[in-house]
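Engineer: Return a 3D structure for these sequence lines:
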Amino acid sequence: MSDRLRVLLIGGSGFLGRHVAAALREAGHAVTVMSRGARPLPAGVEALVADREDRGALSRALEGGRFDLTVDFLVFDAVDVESLLFVPYAALGRYVMISSGQVHLVTEGARPP
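Structural biologist: Okay, the predicted model is just below:
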């Protein structure tokens, strides 16, 4: 059995994700980044272009994908997670949510997702 993982980073082209993608590649893992495609990715990283708010684009990008681990840097609420879980025939493996969503809940009366 190989220790090489197939990792999907959602929103992995930003400040934190870019560094995580490079470190995972350096460790020998197969890394795929799904983003809107506006920023360059580290060498050896596969790119999927989709906006998670566009369910059709999300399905086209992820349908049939097989990953051991998914790290989501852009999740804010349950709807964001559900949009991933309902992609037909996508295997996302273990799911790790890294979100700044709670940081944005600074207004009076805001409720966490």
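Engineer: In terms of helices and strands, where is S83?
Structural biologist: Assigned by DSSP states H and E, S83 falls within helix 78-85.
Engineer: what about the very next helix or strand once past that helix, distance to the chain center?
Structural biologist: Moving toward the C-terminus from helix 78-85, the next helix or strand (DSSP H and E) is strand 94-97. A distance of 9 Å separates the C-alpha centroid of strand 94-97 from that of its chain, computed with C-alpha atoms, centre = their mean, to the nearest Å.
Engineer: Which element, helix or strand, includes L48?
Structural biologist: strand 46-49.
Engineer: Put the alpha carbons of that strand into CSV.
Structural biologist: Taking Å, rounded to 0.1, in the frame of the first residue of the first chain, the C-alpha atoms of strand 46-49 are listed here in CSV:
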residue,chain,number,x,y,z
GLU,A,46,-3.6,19.8,-11.1
ALA,A,47,-6.1,22.5,-11.5
LEU,A,48,-9.9,22.3,-11.6
VAL,A,49,-11.7,25.5,-12.4
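Engineer: buried stuff in that strand?
Structural biologist: Judged by neighbour count (16 or more other C-beta atoms under 10 Å), strand 46-49 contains these buried residues: L48. In short, each C-beta sits where N, CA and C put it, glycine included.
Engineer: what does stretch 64-82 give?
Structural biologist: Buried residues in stretch 64-82, counted by 16+ other C-beta under 10 Å: 65, 67, 69-76, 80-81.
Engineer: just to revisit the earlier point, residues in contact with the strand holding L48?
Structural biologist: If you take C-beta atoms under 8 Å, 6 or more residues apart in numbering as the criterion, strand 46-49 is touched by 30-37, 41, 57, 61-62, 65.
Engineer: Redo those as TSV? Include pLDDT and distance to A22.
Structural biologist: Compiled in TSV, those are given as follows (pLDDT from 0 to 100; distance: C-beta to C-beta, whole Å):
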residue	pLDDT	distance to A22
A30	97	14
V31	97	9
T32	96	14
V33	95	11
M34	95	16
S35	92	15
R36	90	19
G37	84	18
L41	89	9
A57	94	25
A61	95	21
L62	95	22
G65	94	21
